[in-house]
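In: Just a sequence and a predicted model for now, questions to come.
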Number of protein chains: 2
Amino acid sequence: MQDYDASIYEKMSVAVDLITFTIEDDRLKVLVINREEEPFDGMNALPGVFVGIDETLDAAVKRGINEETGLKDIYYEQLYTFGDVDRDPRMRIISVAYMALVPLEKLKFKAGKRTRSVMLMDVEDFISSDEELAFDHKKIVEYARWRLANKTMYTDITFHLVEDKFTLPELQKVYEILLGKKLYKANFRKKVMDMIEETEFMTSGDAHRPSRYYTRIKEKPVK
Amino acid sequence: MQDYDASIYEKMSVAVDLITFTIEDDRLKVLVINREEEPFDGMNALPGVFVGIDETLDAAVKRGINEETGLKDIYYEQLYTFGDVDRDPRMRIISVAYMALVPLEKLKFKAGKRTRSVMLMDVEDFISSDEELAFDHKKIVEYARWRLANKTMYTDITFHLVEDKFTLPELQKVYEILLGKKLYKANFRKKVMDMIEETEFMTSGDAHRPSRYYTRIKEKPVK
DNA sequence: ACAATAGTGTCTGTGAGACAGTATCGA
DNA sequence: TCGATACTGTCTCACAGACACTATTGT
């Protein structure tokens, strides 16, 4: 960036695309919108917004999340920047992808401009099918899915997919969904014990032993 | 990115900045250039190039690496995209940072346009000093340093900092530099044994037992 | 022989994985 | 009492950490 003879370089549009994951019916879902304009009119796509000339990436992400879900303060992190030339058939757009995680209970829908509808799509079904998304968004979802599984193994990121108070069987289920395999209760508990704190609350009404609610106390280091 | 009313959004410049790490004299070094134009004339900065309107990010990175070092085919990976509004005092620039790793023996310098000189800066000394770089480049270097240490722990990325043939004491030394601590020979060898292959070559000329040269055979998974 | 560094054998502790057992609810 | 799920105790095994020992060179 030391080269300031920018005059010979044409400027381009920069957008942020949002991969919003949540858990619904014990499945990993991603929020997609149905486009109501060309290109890809009628197709599903990841929601996104253009970055304003006086707007930070962070501000654009918050704006995008709010436009689509009406939410503030949900967890997100930058994922990757996609810069292929022909991503968009009409013009050059650099897309900075952000991954957001939100528990279903907090998630609300809110169709934005030029959007027919907002829906949750089953991620595994989508990836293993030949269904497509607009632009290169399928590739982006696949990458995000991979990253999420990866970070599940060595960070606390999974906590963002459950509510503030959660039971261990509940949390374990989310881990199992993200990792794609069953875990042993006893081992799982030992693993997360130093990151959570008991509450006084228990589940009730089920025809079996109640489960205690916990809250998170701190983050693991690393990434 | 579904919102195509881009007309109301001013376009901006996109650049790639390069954090090129290497090992010199048993220290981690980063390649910086001395600027020969405003802003920050005379200051050190990370080398970078603007992304052409018909150029992928990848192509821009390769071009930038080649301009500064004359090299092709060195290892690099996308690091993070910095999008603060006032990164540059003159105009809005989105910077996509890439981290490159290269063994010193392959590294050549080559001052590009608008550049007084190219040099290797000691990373630890720099970070713990109050020395500055142009723009937000100090922050970028710090982040890259952190990421490199992190990936050293759970990937094979370190192999990119040694030549094709290397001895284990040599490789271990690089790990120690990146991790900032001494390692035990025996344990280190066990750890890397399944990623390397013996060659028939040995060091010679030293007043002690010779060391065998190895080559890498495969990458670990993960990230 | 000695200094210096390369390379190995092995003990220990920690933590993941596996599995069997006990606890507590509604019906 | 029974079915169902929550929760715990404990064995094993792999692996990282620690350290002492042996090996091979030039001087």
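Out: In hand now; what should we look at?

In: make it CA atoms for all contacts and neighbour counts henceforth
Out: OK.

In: which stretches of chain A form helices?
Out: Applying DSSP state H to chain A gives helices spanning A:57-69, A:123-128, A:137-154, A:168-179, A:185-192.

In: Please name whichever of those is nearest to chain B.
Out: For chain B, the closest of the helices of chain A is helix A:57-69, at 5.3 Å, according to C-alpha to the nearest C-alpha.

In: now for the closest one, which elements pack on it?
Out: Helix A:57-69 sits against strand A:13-24, strand A:48-50, with contacts defined as 3 or more C-alpha pairs under 8 Å, 6 or more residues apart in numbering or on different chains; DSSP states H and E.

In: Tell me which of these lies nearest to A:Trp146.
Out: A:Trp146 lies closest, by C-alpha to C-alpha, to one member of these: strand A:13-24, at 12.3 Å.

In: Buried ones in the closest one, by neighbour count?
Out: Using 16 or more other C-alpha atoms under 10 Å in any protein chain shown as the test for burial, strand A:13-24 gives A:13-23.

In: looking at the helices of chain A, which is closest to A:Leu28?
Out: helix A:123-128 (5.8 Å).

In: outside of that closest one, which residues touch it?
Out: A:27-30, A:138, A:142, A:145 (C-alpha atoms under 8 Å, 6 or more residues apart in numbering or on different chains).

In: Could you point out which residue ranges in chain A have low pLDDT?
Out: A:1-8, A:110-114, A:218-223 (pLDDT under 70).

In: mind giving me the domain split of chain A?
Out: A:6-154, A:157-216 (automatic domain parsing).

In: Please work out which of those is packed deepest.
Out: For the domains of chain A, average neighbour numbers computed from mean count of other C-alpha atoms under 10 Å in any protein chain shown are highest in domain A:6-154, which has a mean of 19.

In: do it and DNA strand C meet at all?
Out: No: contact between domain A:6-154 and DNA strand C is absent, the nearest approach being 9.5 Å (criterion: C-alpha under 7 Å from any atom of the strand).

In: that older thread, chain B is nearest to which of the helices and strands packed on helix A:57-69?
Out: Nearest of the helices and strands packed on helix A:57-69 (C-alpha to the nearest C-alpha): strand A:48-50, 4.0 Å.

In: which strands and helices sit next to that closest one?
Out: Against strand A:48-50 (3+ C-alpha pairs under 8 Å, 6+ apart) you get strand A:13-24, helix A:57-69.

In: Could you check the angle the last one makes with strand A:13-24?
Out: Helix A:57-69 and strand A:13-24 meet at an angle of 50 degrees, taking axes from the mean of the first three to the mean of the last three C-alpha atoms, to 10 degrees as the criterion.

In: Verify the stated contact: A:His137 with A:Met43.
Out: No: judged on C-alpha atoms under 8 Å, A:His137 makes no contact with A:Met43 at a distance of 11.1 Å.

In: Report the two of the contacts of helix A:123-128 separated the most.
Out: Longest span within the contacts of helix A:123-128, C-alpha to C-alpha: A:Arg27 and A:Lys138, 18.0 Å.

In: Mind putting the domains of chain A into CSV with distance to B:Tyr80?
Out: Converted to CSV, these look like this (distance: least, C-alpha to C-alpha, whole Å):
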stretch, distance to B:Tyr80
domain A:6-154, 7
domain A:157-216, 19
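
In: Among those, which comes closest to B:Lys106?
Out: Of the domains of chain A, nearest to B:Lys106 by C-alpha to C-alpha is domain A:6-154, at 28.4 Å.

In: Quick check, the residue in chain A closest to DNA strand C?
Out: Closest residue of chain A to DNA strand C, C-alpha to the nearest atom of the strand: A:His208 (2.6 Å).

In: show me what contacts A:Arg189?
Out: A:Leu168.

In: Show me which residues of chain A are close to DNA strand D?
Out: So far as C-alpha under 7 Å from any atom of the strand goes, chain A lies against DNA strand D at A:167-170, A:185-187, A:189, A:207-212.

In: Of the residues you listed, which is the nearest to B:His160?
Out: Nearest member of the residues of chain A next to DNA strand D to B:His160, counting by C-alpha to C-alpha, is A:Asn187, at 36.3 Å.

In: ok so, going back, and of the domains of chain A, who's closest to B:Thr81?
Out: Closest among these, using C-alpha to C-alpha: domain A:6-154, at 7.0 Å.

In: Ok, which of the domains of chain A comes nearest B:Val174?
Out: That would be domain A:6-154 among these, by C-alpha to C-alpha, at 23.8 Å.

In: Just give me how far that closest one sits from the chain centre.
Out: With C-alpha atoms, centre = their mean, to the nearest Å as the basis, domain A:6-154 stands 8 Å off its chain's centre.

In: same check, this time on stretch A:156-171
Out: 15 Å.

In: Compute the first-to-last residue distance for that stretch.
Out: One end of stretch A:156-171 sits 11 Å from the other (C-alpha to C-alpha, to the nearest Å).

In: residues in contact with that stretch?
Out: Contacts of stretch A:156-171 (C-alpha under 8 Å, 6+ apart): A:22-23, A:75, A:101-105, A:151-152, A:174-175, A:185, A:189, A:211-216, A:219-220.
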